[in-house]
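**Student:** Here is a sequence with its predicted model. Questions after.
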Amino acid sequence: METLPALLGKLVCVLTLEGRNLVGKLKGVDNLGNLVLEDTYERTFHLDKGMQLEPMGLYLVRGDSLFVAATRTFLRSFCRLPSNFSQPCTHIKRTF
């Protein structure tokens, strides 16, 4: 497993505690876990529209809202997603 400074300059996927899914190039990190992402896109997923990318540009993620930051290759190998993962999850019901 790599540390955050080892990921500088690489394309990373960041998940926040608020549920944001961000993809961008890691340009900076400090000792509080704050991240600076360049050429950032927020990925949103909709049942009827599929995945959409919204450009965010230069983006700062506060360390206290960071859930996970990893390369996409690591996430794919770690999660071992099934081949039909892109299909909509019709069995999940909202509880709110």
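**Tutor:** In hand now; what should we look at?

**Student:** Strands of this protein, residue ranges please.
**Tutor:** 11-16, 21-29, 35-46, 50-61, 66-70 (DSSP state E).

**Student:** in stretch 56-66, what's buried?
**Tutor:** Going by neighbour count (16 or more other C-beta atoms under 10 Å), the buried part of stretch 56-66 is 59, 61, 66. The C-beta positions use only the backbone N, C-alpha and C, and glycine is treated the same way.

**Student:** Return the member of these nearest to Leu26.
**Tutor:** Val61 (9.9 Å; C-beta to C-beta).

**Student:** so where is this protein shaky, pLDDT-wise?
**Tutor:** Low-confidence segments of the chain (pLDDT under 70): 1-2, 72-96.

**Student:** ok, 90 please
**Tutor:** 1-7, 10, 12-15, 18-21, 31-33, 43-53, 63, 65-96 (pLDDT under 90).

**Student:** JSON lines for the strands of the chain, including distance to Pro5?
**Tutor:** Output for those, formatted as JSON lines (distance: least, C-beta to C-beta, whole Å):
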{"stretch": "strand 11-16", "distance to Pro5": "12"}
{"stretch": "strand 21-29", "distance to Pro5": "6"}
{"stretch": "strand 35-46", "distance to Pro5": "11"}
{"stretch": "strand 50-61", "distance to Pro5": "15"}
{"stretch": "strand 66-70", "distance to Pro5": "12"}
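
**Student:** Nearest approach to Thr3 belongs to which of those?
**Tutor:** strand 21-29 (9.0 Å).

**Student:** Now do the contacts for Ser65.
**Tutor:** Taking C-beta atoms under 8 Å, 6 or more residues apart in numbering, we find Ser65 in contact with 16-18.

**Student:** Need the buried ones from these selected in ChimeraX.
**Tutor:** Those of the contacts of Ser65 that count as buried under 16+ other C-beta under 10 Å are selected in ChimeraX with:
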select :16
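
**Student:** Could you dump the buried residues of stretch 56-66 into TSV with distance to Phe45 added?
**Tutor:** Putting these into TSV (distance: C-beta to C-beta, whole Å) gives the following:
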residue	distance to Phe45
Tyr59	19
Val61	19
Leu66	20
